[in-house]
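# Following is a predicted model, sequence given first.
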Amino acid sequence: GQQVMQIPQYQHVQEGEDFTTYCNSSTTLSNIQWYKQRPGGHPVFLIQLVKSGEVKKQKRLTFQFGEAKKNSSLHITATQTTDVGTYFCAGLNSGGSNYKLTFGKGTLLTVNP
Amino acid sequence: KAGVTQTPRYLIKTRGQQVTLSCSPISGHRSVSWYQQTPGQGLQFLFEYFSETQRNKGNFPGRFSGRQFSNSRSEMNVSTLELGDSALYLCASSYYRVEETQYFGPGTRLLVL
């Protein structure tokens, strides 16, 4: 079945440093979504990427979808303590009728003030 | 609009018992998905309901079941609980499809002793 791998599993940074998490799928994706889960909270939708090579920005966050639609990345510039949490990618499988989101295991980001 | 609500928020059960969890989606949302979240396995898709019909199913044993009512509210049931069923159970709703933004509820934390 479809697998979505996410690295790194953990990342600790000093406030102001950049952060990147990578997501790789074993199959071509229709789209990819990114979510953030604060400690003790629930996943909150950040963004969806659909097109091959797509790049989207939200303030200090930059999201990319690979040309082959099998990988994606989230980059945070100049991290802040409010960025703390686990970032998940979720890939939607391409083709067929059995659509479901497959989540990566997430990257836990901690920020030292 | 009110967000996704889940009840109960916390639950303690013993092995062999069964449990029913409830999810009320955002008003107007007709697709409800259930996920199991554990530290080791991350977020795993259980099933998705739309218009009272199970549309997609993940790779979980038959002990896990669900249903959806005409008002889109959904329940999931786990029978013959095992220790490994201890997890955070999250439901998420969207208007029609999983390809859309998933709005997660706060989850039900289940502990099986």
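Arrived safely.
# count of neighbours near residue 50?
All of this is about chain A. 15 (other CB atoms under 10 Å in any protein chain shown). In this view, the C-beta of every residue, glycine as well, is placed from N, C-alpha and C.
# wait, I meant chain B there
For B:Phe50, using other CB under 10 Å, the count is 19.
# In this structure it contacts B:Ser31, no?
Yes: in terms of CB atoms under 8 Å, B:Phe50 counts as a neighbour of B:Ser31; the distance is 4.8 Å.
# Which residues are in contact with each of the two?
B:Tyr96 (CB atoms under 8 Å, 6 or more residues apart in numbering or on different chains).
# Contacts for the lowest-mean-pLDDT helix or strand in chain A, please.
When the helices and strands of chain A are scored by mean pLDDT, DSSP states H and E, strand A:101-103 comes last with a mean of 89. Identification of contacts with strand A:101-103 by CB under 8 Å, 6+ apart yields A:2-4, A:25, A:33, A:35, A:88-93, B:33, B:35, B:42-45, B:98, B:102.
# from the middle of its chain, how far away would that strand be?
11 Å (CA atoms, centre = their mean, to the nearest Å).
# So in that sheet, which strands flank it, and in what orientation?
Strand pairing for strand A:101-103, using DSSP bridges, gives strand A:85-93 (antiparallel).
# Could you tell me how far the partner strand lies from the centre of the chain?
Worked out by CA atoms, centre = their mean, strand A:85-93 lies 5 Å from the chain centre.
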